[in-house]
Structures are given as C-alpha cells and as structure tokens.
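Asks: have a look at this prediction, sequence included:
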Amino acid sequence: DTEVTQTPKHLVMGMTNKKSLKCEQHMGHRAMYWYKQKAKKPPELMFVYSYEKLSINESVPSRFSPECPNSSLLNLHLHALQPEDSALYLCASSQIGSYEQYFGPGTRLTVT
Amino acid sequence: AQSVTQLDSHVSVSEGTPVLLRCNYSSSYSPSLFWYVQHPNKGLQLLLKYTSAATLVKGINGFEAEFKKSETSFHLTKPSAHMSDAAEYFCVVSLSGYSTLTFGKGTMLLVSP
C-alpha cells in the first residue's frame, strides 16, 4: 500500500467553526508533513512530525494545531480561521531521513 | 542554502511533440532532485528522482531528466507529449541528509491537439 489518504476532500467552514483534517498512511513511514498550497503556487511546508513528535513548525499561526496520535495518523485541527486560510491542504509521508515524500490528494478548504 | 528556479511559468506543446521543462538549482551540498506532477485539484505525484546515482534518470509515463552538475540543471523531457500530460510540474531539491523539500514555482504544461 503506497497510498496516503486524506479526509474530507472538501471542507467549507465559517470563521468561528472548529474542524479537523485527517491524514492516514500505512507504509510504515515515521515522518509526516502538512503543507498548504494556494492556487497556482507551490506547496508551503507547515509542520513536520518525526516519530510522532513535532520536529518542525514553520511559524504557523496557532489557529492551526497539528496532532499525531500514532505512527499512521496525522490530524490538523482548525479553529477561528480567516478567509485567507482557504487553500488546498496536503499531507505527505516519508521514511525518516528520506527525500522521497508521498503526497495525499489534499483537502480543499474554504473559509467563509 | 538551496533554491530551485523553473525557467518557464508556462510551456505549450502540441500532442506528439517533445516536451522540455527547464530547472536550475542552487545548493552548497550534494542535492537530491525531484520532479513532481500535479493534475488539477489533485495531490502531487513523484515523476522521478535523482539521488547521486546515474545522471540520466527515467521516470514514469515516459519522462526522463538529466542531472548536469556543471550547468546546475535538471531539465525534464519527454519525446512525445500526450494530452494527459497537461498539468503543473514542480522541480524540487532536498539537501543530503534532510527530508525537507524546496519547491520551484512550477511550470504549467499545456498540450493542444
């Protein structure tokens, strides 16, 4: 299984809502990543987890809260988002120290 | 520091003609280089990778790329474009020993019948 899955595919939320994005992989990868991608731009790294511990936080606002409950799951909790947070959120995974990342299909988030 | 420059924001070709997407990199150390493809509203798919083995790298769907250290280039080519190749292509560099990626700004490949 070389697949990274993400749910939901689409999410519309108001600025006062709380929602979560979910990412799952069963490749035994111990590094997992969240990226944000705006239209016609490359992905921007948000967070990196290594061995279920947060290792990189690219100065992301606290309204984004990542969580890695186990080696297969990665969540991104969203609260009090702004319209400019509307984007495609991509999850990826890799072996520790590997340059080859496997990406999920993404969650298209719209904040109204 | 490392960086990637994709020289064309858009490339237009006709179906059946060759494809060339250009990428130059800057890295103080031995880089690993990748090309990813992203179809509309989809995630990224790895096309091919260079990690200091053979300089000519073959990938999926008939794509290949050549690592040229003297020119600091890693251009992506395909002999004959297909309509399904229309997508955004990202050239990506990673420093040896680190798993974070630096993306180029992307090249949109347009294929006309």
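Replies: Structure's in. What do you need?

Asks: CA only for contacts and neighbour counts going forward, please
Replies: Noted.

Asks: now do the contacts for A:Lys41.
Replies: Residues near A:Lys41 by CA atoms under 8 Å, 6 or more residues apart in numbering or on different chains: B:105-106.

Asks: now do it against A:Glu67, distance only.
Replies: Applying CA to CA, to the nearest Å, the value for A:Lys41 to A:Glu67 is 26 Å.

Asks: kindly report the residues of chain B close to chain A.
Replies: B:32, B:41-46, B:90, B:94, B:97-101, B:103-106 (CA under 8 Å from any CA of the partner chain).

Asks: check these for burial and list the buried ones.
Replies: B:32, B:42-46, B:90, B:94, B:99-101, B:103-106 (16 or more other CA atoms under 10 Å in any protein chain shown).

Asks: ok, which pair from those residues is furthest apart?
Replies: B:Ser32 and B:Lys42 (24.0 Å; CA to CA).

Asks: can you tell me which of the buried ones among the residues of chain B next to chain A is closest to A:Ser62?
Replies: Distances from A:Ser62 to those, taken by CA to CA, are shortest for B:Thr100, at 21.5 Å.

Asks: wait, A:Arg30 touches A:Lys53, no?
Replies: No. Using CA atoms under 8 Å, A:Arg30 is not in contact with A:Lys53; the gap is 9.7 Å.

Asks: how about B:Val13, nearest residue that isn't a chain neighbour?
Replies: Counting by CA to CA, 6 or more residues apart in numbering or on different chains, B:Val13 lies nearest to B:Val111, which is 5.1 Å off, once chain neighbours are set aside.

Asks: the strands in chain B, which residues?
Replies: Applying DSSP state E to chain B gives strands spanning B:2-6, B:10-14, B:19-21, B:23-27, B:31-38, B:44-50, B:56-58, B:64-68, B:73-78, B:87-95, B:102-103, B:107-112.

Asks: contact partners for the closest residue to B:Lys58 other than its chain neighbours?
Replies: Distances taken as CA to CA, 6+ apart put B:Glu64 closest to B:Lys58, at 4.3 Å, once the chain neighbours are dropped. Residues near B:Glu64 by CA under 8 Å, 6+ apart: B:48, B:56-58, B:76-78.

Asks: could you redo the last one with a cut-off of 10 Å?
Replies: For B:Glu64, the contact set (CA atoms under 10 Å, 6 or more residues apart in numbering or on different chains) comprises B:20, B:35, B:47-49, B:56-58, B:74-79.

Asks: looking at the residues you listed, which gets the smallest pLDDT?
Replies: pLDDT across these is lowest for B:Lys49, at 91.

Asks: any idea how many residues pack against the residue of chain A found nearest chain B?
Replies: Closest contact between chain A and chain B, by CA to the nearest CA, is at A:Pro105 (3.9 Å). Neighbour count of A:Pro105, defined by other CA atoms under 10 Å in any protein chain shown: 23.

Asks: show the contacting residues for the residue nearest to B:Val13.
Replies: Per CA under 10 Å, 6+ apart, neighbours of B:Val111: B:11-17, B:19, B:81-87.

Asks: and residue 107, what's its pLDDT?
Replies: Since you didn't name a chain, this refers to chain A. Value for A:Thr107, per-residue pLDDT: 96.

Asks: that's the wrong chain, I meant chain B
Replies: Looking at B:Thr107, the pLDDT reads 97.

Asks: again, but for B:Ser27
Replies: Residue-level pLDDT assigned to B:Ser27 equals 76.
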